[in-house]
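> no sequence for this one, just the structure:
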């Protein structure tokens, strides 16, 4: 271990590659609500988070596991599931009158057409205002499950209609 006086130990969450504090500080300086998207091995988690000095407050949350109640019986970690989860989170946010947000992808790398941007596109299609470039979003065929199979497209459309109907009541 270094014993030089100029050596400083990084924060634990930075050492574990869990938090990029420089990026987080820039997001917090904007004073906007953040749409946090975290893909795991089995699910996609989307949250609307507001900064408070005593800890972040989660305003709305949606998990791709909730899609099973709407008729989704395919994997909850693929691109169409990410889109539907973002759509569900967007509808929940609009229900409590939160329409503006910025995307927080965390420590993940920004990859064109990834699940993170599919979830962001779902929230935008639900009616939220999130600044996203059209160049970075996945194409429509991939969003609807066309790259998986034809039956996946039908299940996608059924689930999307079920989500819309459940929030139109």
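Ah, there it is. Since we're looking at a predicted model, the values are computed, not measured. Numbers count the residues shown, from 1 in each chain.
> Let's see the pLDDT reported for residue 97.
pLDDT recorded at residue 97 is 88.
> Which of the three states applies to it?
For residue 97, the assignment made with DSSP: H, G, I helix; E, B strand; the rest coil gives coil.
> Can you give me the neighbour number for it?
6 (other CB atoms under 10 Å). In short, each C-beta sits where N, CA and C put it, glycine included.
> ditto for residue 111
11.
> same deal with residue 128?
23.
> Excluding chain neighbours, what is closest to it?
Among residues not flanking residue 128 along the chain, residue 90 sits closest, at 4.6 Å (CB to CB, 6 or more residues apart in numbering).
> any idea which helix or strand carries that neighbour?
Per DSSP states H and E: residue 90 is located in helix 79-95.
> Against which helices or strands is that helix packed?
On a contact count with 3 or more CB pairs under 8 Å, 6 or more residues apart in numbering; DSSP states H and E, helix 79-95 meets strand 34-39, strand 44-50, strand 57-63, helix 115-126, helix 140-143, helix 150-168.
> Could you measure from residue 106 over to residue 31?
Going from residue 106 to residue 31 by CB to CB, to the nearest Å gives 19 Å.
> Quick one: the helices and strands packed on helix 79-95 as TSV, columns for distance to residue 12 and mean neighbour count too.
Below are the helices and strands packed on helix 79-95 laid out as TSV (distance: least, CB to CB, whole Å; neighbours: other CB atoms under 10 Å):
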stretch	distance to residue 12	mean neighbour count
strand 34-39	19	22
strand 44-50	21	21
strand 57-63	22	16
helix 115-126	25	25
helix 140-143	37	14
helix 150-168	39	15
